[in-house]
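*Asks:* give me a model of this one.
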Amino acid sequence: MSYPAFQGLLNILNGIIGLKRILLLSWSYRESSKLVGYLLMEILTSFNLLRAYKKHNFKAVLIYQGYMPLTCLMTKLLRKKLLLFIGGSYFKAGFYDSLNHISKLKAYFRRIQEFICHNLSDKIIVLSKSMVKWIGLQPYLDKVSIAPDYPNNLIGKFYVMKPYKSREMCIGYVGALRKCKGPHLLIEAIPYILKEIKNITFLIVGDGPLRETLKRMIKEYNIEKNVKMIGRVSHSDLTYYYNQMRLLVVPSFTEGLPAVILEAMACGVPVLATPVGGIADIIYDGENGFLLKSNHPQEIAKRVVELMKNHNALLEKVSERSALFIKEKFNEKSVAEAWKRIFKQLFFPNNK
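*Replies:* Numbers count the residues shown, from 1 in each chain. Presented below is the predicted three-dimensional model:
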């Protein structure tokens, strides 16, 4: 799999239980985006799980970043332990991505998937404490454990390459160009920002269904000179782009614990984000980052202008603190310890 956070978690699990004891049953997210493709993916994964049961003596199934009711049911029929790793609210992501009433109805179908999987699981693993309430896991507190995944080689790959003081006045967005991530709200905020600060540029890194919409907005607002849409870049190139930024804006409607925030902080980029999902568990306003009161364009503009015009000294301190925070809290050792506790609770519940 190429998903960096999964690869990082796989490295952690390899260190705990050994790679030979991990059986990977993967699927394509793109193929599962439509109903027919999703059902085929579920059937295929359940079939592969049944085949694996006949060949391998595995004890548990970990479903990573997905809700798969048929696979969950098959796991329980095979009398194996089921671990469900949840990176964010599946329902809210679908709801805020909705473009019409039909897609909103589909989002509510996700509620059914969540309900089935939550009830069948033996362990539900989330990234941080705030995500328990955000996802709606209060009825399952006896099953919930907290453990981050680990963006592959986070500390080694993402680092301060360019001193903060020498960076140009550049505001960044990194991530999928989807409604639930709010990139259109940042674009709407840019004309307000340019009224106050003329010599400022914006880097939009990523791709997605809103790409053409954002291009039209940029043209309509006549801000082409100030906005660069970089598109999708390789994960290895992200460090360069982070090191061009004086501020990363994350105006999401819903999140888990975004890898882009951890990566940016490791590169010494102060982050301005909405306090959704688990974000408020890692960003302490004014200490190692900044939190928005809302993702309304005028609120985004107000905070960006305030920080860029009046708080250079604070931004430099936050840059230092954010990089240090990642080194202390998101190193491989601390993440591995959290996962070790989960396996001990699952397989040796009476051992303290």
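*Asks:* how about the most centrally placed residue in the chain, what does it touch?
*Replies:* With distances taken as C-alpha atoms, centre = their mean, residue 258 lies nearest the centre of the chain, 2.9 Å away. Shown in contact with residue 258 (C-beta atoms under 8 Å, 6 or more residues apart in numbering): 175, 250, 252, 277, 279. Where C-beta positions appear, they are placed from N, C-alpha and C, glycine not excepted.
*Asks:* how much space is there between it and residue 172?
*Replies:* From residue 258 over to residue 172 the distance is 13 Å, taken as C-beta to C-beta, to the nearest Å.
*Asks:* which residues are in contact with each of those two?
*Replies:* Listed as contacting both residue 258 and residue 172 by C-beta under 8 Å, 6+ apart is no residue at all.
*Asks:* show me where the stretch 101-250 of the chain has strands.
*Replies:* Counting by DSSP state E, counting those that start in this stretch, the stretch 101-250 of the chain has strands at residues 123-126, 144-146, 170-174, 201-205, 227-231, 247-250.
*Asks:* ranking the ones you listed by burial, who's on top?
*Replies:* Among these, strand 247-250 has the highest mean neighbour count (mean count of other C-beta atoms under 10 Å), at a mean of 26.
*Asks:* would you confirm that residue 85 belongs to a helix?
*Replies:* No - under DSSP: H, G, I helix; E, B strand; the rest coil, residue 85 falls outside any helix and is assigned strand.
*Asks:* for it, which residues make a bridge with it?
*Replies:* Here residue 85 sits in beta bridges with residue 64, residue 125, as judged by DSSP bridges.
*Asks:* so it makes contact with residue 61?
*Replies:* No - counting by C-beta atoms under 8 Å, residue 85 stays clear of residue 61, with 11.0 Å between them.
*Asks:* before we move on, the earlier item: of the strands of the stretch 101-250 of the chain, which is nearest residue 185?
*Replies:* Proximity to residue 185 (C-beta to C-beta) singles out strand 247-250 among the strands of the stretch 101-250 of the chain, at 9.0 Å.
*Asks:* report all helices and strands that that closest one contacts.
*Replies:* Judged by 3 or more C-beta pairs under 8 Å, 6 or more residues apart in numbering; DSSP states H and E, strand 247-250 is in contact with strand 170-174, helix 259-266, strand 271-273, helix 297-310.
*Asks:* OK, contacts around residue 141?
*Replies:* Residues near residue 141 by C-beta under 8 Å, 6+ apart: residue 132.
*Asks:* ok, it to residue 285 distance?
*Replies:* Counting by C-beta to C-beta, the gap from residue 141 to residue 285 is 27 Å.
*Asks:* which stretches of the stretch 151-300 of the chain form helices?
*Replies:* Taking DSSP state H, counting those that start in this stretch, the helices of the stretch 151-300 of the chain run over residues 154-157, 183-196, 211-220, 238-242, 259-266, 297-310.
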